[in-house]
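Chemist: A structural model of the following input is requested.
(4 chains)
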Protein chains: 2
Amino acid sequence: MSSQNLKLSDIAEALGLSKTTVSKVLNGYSDVNALTRKKVLDYVNKVDYKPNSQASFLRTKESKTVALILPQFNHEFFNSIFEGVLKNVQKSDYTLFVGCSNESSETEKELIAHYLRLNVEAIFISISQETTSFEALKSIQENEKILVLFDKIEKTILCPKVVIEDRKAAFSATEHLIKQGCRQILHFRGAYLPQISVDRYLGYRDALEAYQIPFDKSQVFLCEYGNEKEGYYAAKKVIESGMKFDGLFAITDLTALGAIQYFKLNKIKIPEDVAVVGFGNWKLSSFTFPSITTINQPGVQMGEKIFEVFLKEKKAKKEGLNPENETIKIPSQLIVRESS
Amino acid sequence: MSSQNLKLSDIAEALGLSKTTVSKVLNGYSDVNALTRKKVLDYVNKVDYKPNSQASFLRTKESKTVALILPQFNHEFFNSIFEGVLKNVQKSDYTLFVGCSNESSETEKELIAHYLRLNVEAIFISISQETTSFEALKSIQENEKILVLFDKIEKTILCPKVVIEDRKAAFSATEHLIKQGCRQILHFRGAYLPQISVDRYLGYRDALEAYQIPFDKSQVFLCEYGNEKEGYYAAKKVIESGMKFDGLFAITDLTALGAIQYFKLNKIKIPEDVAVVGFGNWKLSSFTFPSITTINQPGVQMGEKIFEVFLKEKKAKKEGLNPENETIKIPSQLIVRESS
DNA sequence: CTGAAAGCGCTTACAG
DNA sequence: CTGAAAGCGCTTACAG
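Modeler: Below you'll find the predicted structure:
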């Protein structure tokens, strides 16, 4: 059953042909007699021969590998992206390397260098929170490899990108609160730099403006890492300040959850006293009490798109066309639950 | 900054040495003059040269790659394992391929064939639920690659294994229920085949026996996939049967959660009327209401061990020693929460 | 201690 | 339409 030890010369010998001819058939060259082609194809199929990819690479420089760099482990959204990418990779003849920067700029740099050395054809990356210099990312393109950015992108880098329309999504989250009757809406925002965090903040402001609710910057609190603890302490600050509020749009479900926990401790009713919307549709958000209204990010779909856009880009490159560098926007959905 | 285009011959030329000598230094051969060695090392460091791995492979057959095959996407435990493996891989000069069988025997087979073709040095796999024939797994060893099984293992295959002591863990989960005063303890068990599912069932029985509580097979319900829906419907069956019960040990946190949801709907109080223990310590189990008592499976640690045991095995093989084929047992912990 | 040469398994420009 | 030959970037047995 195993084709492990078969090589081109074995096939050629078995068929009484040259390695050249066999190789030509395998690579789809047209200058081969139809009967010869069939003979080769049949035999190759029968013995399940596949060329050694390392040897092919040495000649063609096509490694048939791509690398995915995620910023966090065990993060539902990034895992869905991984799932989507892998699904499409497994349908193709490519192989996927996966690394994790753990939000470290240094690790990110090392991973990129490592993958470049392995001659991957492309690197798909969601930029680490820490990263402020984009040399490493640019080195991918300088090495003639394809770079695809997703989720945490950098606008100034010219390359294909796959993103959620965060600004729109944040708009609809905030709009939903307004339609529920909220007028004093808090926003627990993410770090200042990442585009997604900025966009969600802007979407929040857009909605206030659209409904002529005055923006008050004291209603915005920083939750840099988007975890529960931050949400909990931001809620504490809110309560201790004595300010009035009736709604909260939090940058992530976890932040929302942390806030909800603090509110509950202080006998503040959800959604009666404060309506809460999170972001991300983490699995747990449907199991908490109350369950959390949120924005669903279709990670699997994003992952699939990432690989598709790479194939498209590669094809364009091969044909000598200019790269399109398109930005693909994946629609997200508001999921209404008990918290609002 | 980039070493992408440097090759051995460039280094050799720059230093006025032969490729042979440079290569010897890089590979740690001893028959090189100390000064020459230093000269090479310094230069190689300076220009950050690393040999092309595909070319090295062609000669040495050491690909410096390993593959991890997970049975499920977006599964916290498996993601932790992935995290642990990747952590150790990223510390080494290896690269990790990751695939997902999606519990399909067919996909599993294809992935194994694919990775064998890529000449990985080892495959780490948690066997898919569906798999009943182990030819594909054995082909890994027939191809002289190292096989490491983890979590869902097959006892009859001789290879290194990394597992949770499921039987012991299930014992302590059940024992905890008994100590809380439960005497009529239900078990929502997993599928009949997987060792982990069998072991958890046996641990449950061990505990009953140890405390002289008669085992009653009508208290055991099948939840093949360990998801919420199954837990929900198993709980429904229990209630509809009218049987008495005061405790439940469920094969996974999700199963426990499903059961809890049904109990809550039927005004059965947790833990007063029925104490519930899950398995796995999924993130959500601490956020549900009530939060769920569970068994923590240290996935990251398991993942780290998997890679360590591979390195050990490889070393033994290289030195011509017999493989140890040890089974590494990772201890788990009972985490008591509101549900019990 | 150093290096020339063969060869790993492929692909492709070229000749016929 | 077919095939001999060169070469991708390494490593290593061998000669000196």
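
Chemist: got the domain boundaries for chain A?
Modeler: A:8-51, A:60-163+A:299-330, A:166-296 (automatic domain parsing).

Chemist: Take the ones you listed and lay them out in TSV including distance to B:Gly247 and mean pLDDT.
Modeler: For every residue, glycine as well, the C-beta is placed using N, CA and C. Below are the domains of chain A laid out as TSV (distance: least, Cβ to Cβ, whole Å; pLDDT from 0 to 100):
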stretch	distance to B:Gly247	mean pLDDT
domain A:8-51	53	89
domain A:60-163+A:299-330	30	91
domain A:166-296	22	95
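
Chemist: Same list (those) but as JSON lines, adding distance to B:Ile335 and mean neighbour count.
Modeler: Converted to JSON lines, the domains of chain A look like this (distance: least, Cβ to Cβ, whole Å; neighbours: other Cβ atoms under 10 Å in any protein chain shown):
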{"stretch": "domain A:8-51", "distance to B:Ile335": "47", "mean neighbour count": "14"}
{"stretch": "domain A:60-163+A:299-330", "distance to B:Ile335": "17", "mean neighbour count": "19"}
{"stretch": "domain A:166-296", "distance to B:Ile335": "16", "mean neighbour count": "20"}
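
Chemist: Now render the ones you listed as a markdown table, adding distance to B:Lys19.
Modeler: Below are the domains of chain A laid out as a markdown table (distance: least, Cβ to Cβ, whole Å):
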| stretch | distance to B:Lys19 |
| --- | --- |
| domain A:8-51 | 26 |
| domain A:60-163+A:299-330 | 19 |
| domain A:166-296 | 46 |
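
Chemist: Which among those domains is found nearest to B:Lys138?
Modeler: Using Cβ to Cβ as the measure, domain A:8-51 is the one of the domains of chain A that comes nearest B:Lys138, at 17.0 Å.

Chemist: thinking again about what came up before, compare the domains of chain A and give me the one nearest DNA strand C.
Modeler: Closest to DNA strand C of the domains of chain A is domain A:8-51 (Cβ to the nearest atom of the strand; 3.1 Å).

Chemist: do the closest one and chain B meet?
Modeler: Yes - applying Cβ under 8 Å from any Cβ of the partner chain, one finds domain A:8-51 touching chain B at A:Lys50.

Chemist: starting at the chain centroid, how far to that domain?
Modeler: Offset of domain A:8-51 from its chain centre (Cα atoms, centre = their mean, to the nearest Å): 40 Å.

Chemist: about what we covered before: just tell me which of the domains of chain A ends up closest to B:Lys229.
Modeler: Using Cβ to Cβ, the domains of chain A put domain A:166-296 closest to B:Lys229, at 13.3 Å.

Chemist: can you give me the end-to-end distance of that closest one?
Modeler: Domain A:166-296 has an end-to-end distance of 11 Å (criterion: Cα to Cα, to the nearest Å).

Chemist: any idea where the strands of the stretch 51-200 of chain A begin and end?
Modeler: A:65-70, A:95-100, A:122-125, A:146-150, A:161-164, A:185-189 (DSSP state E, counting those that start in this stretch).

Chemist: now those strands in CSV, with distance to A:Asp216?
Modeler: Shown next, in CSV, are those (distance: least, Cβ to Cβ, whole Å):
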stretch, distance to A:Asp216
strand A:65-70, 36
strand A:95-100, 39
strand A:122-125, 37
strand A:146-150, 33
strand A:161-164, 27
strand A:185-189, 9
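
Chemist: So which of the ones you listed is nearest chain B?
Modeler: Of all the strands of the stretch 51-200 of chain A, strand A:95-100 sits nearest to chain B, with 4.7 Å by Cβ to the nearest Cβ.

Chemist: Extract the C-alpha trace of that closest one and format it as CSV.
Modeler: Below are the C-alpha coordinates for strand A:95-100, written out as CSV (Å, rounded to 0.1, in the frame of the first residue of the first chain):
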residue,chain,number,x,y,z
THR,A,95,0.4,21.4,3.6
LEU,A,96,-0.1,23.8,6.5
PHE,A,97,2.5,24.9,9.1
VAL,A,98,1.0,26.5,12.1
GLY,A,99,2.7,28.8,14.6
CYS,A,100,1.7,31.0,17.4
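
Chemist: now for the helix ranked longest in chain A, which elements pack on it?
Modeler: Ranked by residue count and defined by DSSP state H, the top helix of chain A is helix A:299-318. Identification of packing neighbours for helix A:299-318 by 3 or more Cβ pairs under 8 Å, 6 or more residues apart in numbering or on different chains; DSSP states H and E yields helix A:76-91, strand A:122-125, strand A:146-150, strand A:161-164, strand A:327-330.

Chemist: now do 7 Å
Modeler: On a contact count with 3 or more Cβ pairs under 7 Å, 6 or more residues apart in numbering or on different chains; DSSP states H and E, helix A:299-318 meets helix A:76-91, strand A:146-150, strand A:161-164, strand A:327-330.

Chemist: Enumerate the residues of the stretch 51-200 of chain A near DNA strand D.
Modeler: Neighbours of DNA strand D within the stretch 51-200 of chain A, by Cβ under 7 Å from any atom of the strand: A:55, A:58-59.

Chemist: Show me which of these are buried.
Modeler: A:Leu58 (16 or more other Cβ atoms under 10 Å in any protein chain shown).

Chemist: which of the residues of the stretch 51-200 of chain A next to DNA strand D come close to chain B?
Modeler: Among those, the residues lying close to chain B (Cβ under 7 Å from any Cβ of the partner chain) are A:55, A:58.

Chemist: ok, A:Pro51 - contacts?
Modeler: Shown in contact with A:Pro51 (Cβ atoms under 7 Å, 6 or more residues apart in numbering or on different chains): A:8, A:26.

Chemist: So what does it look like in phi/psi?
Modeler: phi -60, psi 150 (degrees, to the nearest 10).

Chemist: what about it, distance to B:Leu208?
Modeler: 58 Å (Cβ to Cβ, to the nearest Å).

Chemist: contacting residues around A:Ala122?
Modeler: By Cβ under 7 Å, 6+ apart, the neighbours of A:Ala122 are A:66, A:145-146, A:148, A:310.

Chemist: quick one on the thing from earlier: JSON lines please, covering the domains of chain A and showing distance to DNA strand C.
Modeler: Shown next, in JSON lines, are these (distance: least, Cβ to the nearest atom of the strand, whole Å):
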{"stretch": "domain A:8-51", "distance to DNA strand C": "3"}
{"stretch": "domain A:60-163+A:299-330", "distance to DNA strand C": "5"}
{"stretch": "domain A:166-296", "distance to DNA strand C": "39"}
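
Chemist: Mind checking which of the residues of the stretch 51-200 of chain A next to DNA strand D land in helices?
Modeler: When DSSP H defines the helices, the subset of those inside them is A:55, A:58-59.

Chemist: In CSV, list those along with pLDDT.
Modeler: Converted to CSV, those look like this (pLDDT from 0 to 100):
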residue, pLDDT
A:Ala55, 90
A:Leu58, 88
A:Arg59, 88
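
Chemist: returning to that earlier point: hey, C-alpha coordinates of the longest helix of chain A in CSV?
Modeler: Output of helix A:299-318 as CSV, limited to C-alpha atoms (Å, rounded to 0.1, in the frame of the first residue of the first chain):
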residue,chain,number,x,y,z
GLY,A,299,-14.0,32.5,11.5
VAL,A,300,-14.3,29.4,9.5
GLN,A,301,-15.4,31.3,6.5
MET,A,302,-12.6,33.8,7.0
GLY,A,303,-10.1,31.0,7.1
GLU,A,304,-11.4,29.5,3.9
LYS,A,305,-11.2,32.9,2.2
ILE,A,306,-7.6,33.3,3.3
PHE,A,307,-6.5,30.2,1.5
GLU,A,308,-8.6,31.1,-1.6
VAL,A,309,-7.2,34.5,-1.8
PHE,A,310,-3.7,33.1,-1.6
LEU,A,311,-4.4,30.7,-4.5
LYS,A,312,-5.8,33.6,-6.6
GLU,A,313,-2.8,35.7,-5.8
LYS,A,314,-0.4,33.0,-6.7
LYS,A,315,-2.1,32.4,-10.0
ALA,A,316,-2.0,36.1,-10.8
LYS,A,317,1.7,36.2,-10.0
LYS,A,318,2.5,33.2,-12.1
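
Chemist: Alright, calling it a day.
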